[in-house]
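Trainee: Predicted model and sequence follow; I will ask about them next.
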Amino acid sequence: MIKIGIVGGTGYTGVELLRLLAQHPEAHVEVITSRSEAGQRVVDMYPNLRGHYDALTFSVPDAKTLGACDVVFFATPHGVAHSLAAELLDAGTRIIDLSADFRLQDAQEWARWYGQPHGAPDLLPQAVYGLPEVNREAMRDARLIAVPGCYPTAVQLGLVPLLEQGLADPGQIIADCKSGVSGAGRGANVGSLFCEAGESMKAYGVPGHRHLPEIRQGLQRAAGEVVGLTFVPHLTPMVRGIHATLYARVADRSVDLQALFEQRYAAEPCVDVMPAGSTPETRSVRGANMCRMAVHRPQDGDLVVVLSVIDNLVKGASGQAVQGMNIAFGMEETLGIAHPALLP
Ligand SMILES: NC(=O)C1=CN([C@@H]2O[C@H](COP(=O)(O)OP(=O)(O)OC[C@H]3O[C@@H](n4cnc5c(N)ncnc54)[C@H](OP(=O)(O)O)[C@@H]3O)[C@@H](O)[C@H]2O)C=CC1
Ligand SMILES: CC(=O)N[C@@H](CCC(=O)OP(=O)(O)O)C(=O)O
């Protein structure tokens, strides 16, 4: 059994980790932290987990207790993993960080976008970007995995087949993305209130969102050159889900795009290339560690449209984190995350 710690267990991604790990035959959650709910039983707060974590109680984060685990997941706001990572790694504990702390390879760029100095630049060389479909080999035996953000997962998976083959014009890429409200986390904020977000839709972060440098870093790696990307996120009235509508210019009309996408992801257990003409819906991935996508070339023009959907809390966060753990520990990649179940 792998001894697991979770820092930030009361948040949306933290409890999603609990839901998924309850179905994982090799995982045992030993420590789960919350500063505000310390002393409270997990199943009293989340009755959907009764029968799975009856003996587990939230505790305040403590490096010594966490350092006794084999792996610690950080489901916390940015900056928290920076402050604890070195001590845990020294104790021999592996880290899977769901926050953005180790996603950008450049500490100065991180500081620019996150408005504070990078708290652990010395650890960046050992941080492995945890998108299995592009970085699986580096994830094996990794000690520090940076789980990609939700938008970056949906966008990169939708575009890498075109960029890796040099088919898309790298200077003109548009990612028009919609997110469910759980993407903003469980903390109280006016924009997430039902009366504000429940029956409305709006764009945000248009001049520049924190996921822009992360997406650009991934796309540039796939393309092998600088990428010109416009990324516009929107908040939509649903609880879970990311819908990415991606536009790229592919001048070569002779390419069989459907075959290209099917071949690229043929061996991937967590990507589903849907039949030609499909329009994937976010509800088709709700609770599942799956990215479903479809590729279109409207009016046979040179503008290609890729539709890519994920559940932001699963393939966009906690499910991908468990997939990363499975890879890093040499287990079956979809152990515990093959079936969507026990949704609250
Ligand atoms: N929601 C989503 O769809 C996605 C989120 N992410 C990222 O995952 C991380 C977690 O997100 P989410 O679950 O939505 O966040 P929430 O706001 O829902 O939860 C945050 C959790 O972290 C704990 N926490 C907050 N501050 C600290 C601190 N200083 N030290 C220790 N624990 C702290 C909170 O508990 P307490 O305050 O009681 O300690 C809480 O359990 C974030 O970095 C987010 O950007 C990534 C992909 C998708
Ligand atoms: C709807 C909504 O607010 N979504 C969040 C994305 C959540 C996430 O993945 O953020 P990190 O990269 O910081 O982990 C946002 O736009 O900031």
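Mentor: Yes, it's here. Ligands and ions are numbered 1, 2, ... in the order given.
Trainee: Enumerate every residue touching A338.
Mentor: 269, 289 (C-beta atoms under 8 Å, 6 or more residues apart in numbering). No exception for glycine: its C-beta is placed from N, CA and C like everyone else's.
Trainee: In the protein, what residue comes closest to ligand 1?
Mentor: Nearest residue of the chain to ligand 1 (C-beta to the nearest ligand atom) works out as G11 at 1.9 Å.
Trainee: List phi and psi for that residue.
Mentor: phi -80, psi 170 (degrees, to the nearest 10).
Trainee: is it true that it touches F73?
Mentor: No - G11 lies out of contact with F73 (C-beta atoms under 8 Å); the separation is 11.2 Å.
Trainee: The two: which has the busier surroundings?
Mentor: A count of neighbours by other C-beta atoms under 10 Å puts F73 above the other of G11 and F73, at 31 against 21.
Trainee: Now do the buried residues in stretch 210-229.
Mentor: By 16 or more other C-beta atoms under 10 Å, the buried positions in stretch 210-229 come out as 210-219, 221-223, 227, 229.
Trainee: mind listing which of the residues you listed are in strands?
Mentor: Of the buried residues of stretch 210-229, the ones assigned to strands by DSSP state E are L229.
Trainee: Provide the secondary structure category for the residue lying farthest from the centre of the chain.
Mentor: Largest separation from the mean C-alpha position in the chain: S254, at 33.7 Å (C-alpha atoms, centre = their mean). Secondary structure, DSSP: H, G, I helix; E, B strand; the rest coil: S254 is coil.
Trainee: ok, now how distant is it from P25?
Mentor: Distance from S254 to P25, counting by C-beta to C-beta, to the nearest Å: 47 Å.
Trainee: Now, the buried residues of stretch 210-229 that are in helices?
Mentor: Applying DSSP state H to the buried residues of stretch 210-229, the entries found in helices are 211-219, 221-223.
Trainee: okay, the residues you listed in a markdown table with distance to D302 next?
Mentor: Shown next, in a markdown table, are these (distance: C-beta to C-beta, whole Å):
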| residue | distance to D302 |
| --- | --- |
| H211 | 27 |
| L212 | 25 |
| P213 | 28 |
| E214 | 28 |
| I215 | 22 |
| R216 | 23 |
| Q217 | 26 |
| G218 | 24 |
| L219 | 19 |
| R221 | 24 |
| A222 | 20 |
| A223 | 17 |
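Trainee: What is the nearest of those residues to ligand 2?
Mentor: The nearest member of these to ligand 2, counting by C-beta to the nearest ligand atom, is H211 at 5.7 Å.
Trainee: pLDDT at that closest one, what is it?
Mentor: H211 carries a pLDDT value of 97.
Trainee: so it touches P148, yeah?
Mentor: No - when contacts are counted by C-beta under 8 Å, H211 is not listed as touching P148 (9.2 Å).
Trainee: what does the stretch 1-150 of the chain have sitting close to ligand 2?
Mentor: Proximity of the stretch 1-150 of the chain to ligand 2, by C-beta under 6 Å from any ligand atom, involves residues 78, 99-100, 149-150.
Trainee: can you tell me which two in those are farthest apart?
Mentor: Farthest apart among these by C-beta to C-beta are H78 and C150. That separation is 14.2 Å.
Trainee: Hmm, L313 is touching E16, no?
Mentor: Yes - look at L313 against E16 with C-beta under 8 Å: they come within range, at 4.5 Å.
Trainee: which residues are in contact with both of these two?
Mentor: G319.
Trainee: Point out the other helices and strands that the strand or helix carrying A111 packs with.
Mentor: Element membership of A111 [criterion: DSSP states H and E] is helix 107-114. Contact partners of helix 107-114 among helices and strands, from 3 or more C-beta pairs under 8 Å, 6 or more residues apart in numbering; DSSP states H and E: helix 211-223.
Trainee: next helix or strand past the helix or strand containing N135?
Mentor: Using DSSP H and E, N135 sits within helix 132-139. Going down the chain from helix 132-139, the next helix or strand is strand 144-146, by DSSP H and E.
Trainee: and the helix or strand following that next one, what other elements does it pack with?
Mentor: Scanning forward in sequence from strand 144-146 by DSSP H and E, the next helix or strand is helix 150-164. When contacts are defined as 3+ C-beta pairs under 8 Å, 6+ apart, helix 150-164 sits against helix 132-139, strand 173-179, helix 211-223, strand 229-235, strand 242-249, helix 257-264, strand 291-296, strand 303-310.
Trainee: Any buried residues in the first one, and which?
Mentor: By neighbour count on 16+ other C-beta under 10 Å, the buried set for helix 132-139 is 132-133, 135, 139.
Trainee: Could you check how far stretch 289-303 is from the centre of its chain?
Mentor: 21 Å (C-alpha atoms, centre = their mean, to the nearest Å).
Trainee: Counting neighbours, which bits of it end up buried?
Mentor: Residues of stretch 289-303 classed as buried by neighbour count (16+ other C-beta under 10 Å): 289-297.
Trainee: quick one: contacts of stretch 212-221?
Mentor: With C-beta under 8 Å, 6+ apart as the contact definition, stretch 212-221 has outside contacts at 100, 103-105, 109, 113, 129, 131, 134, 148-149, 151-152, 155-156, 159-160, 163, 170, 173, 175, 226-227, 229, 231.
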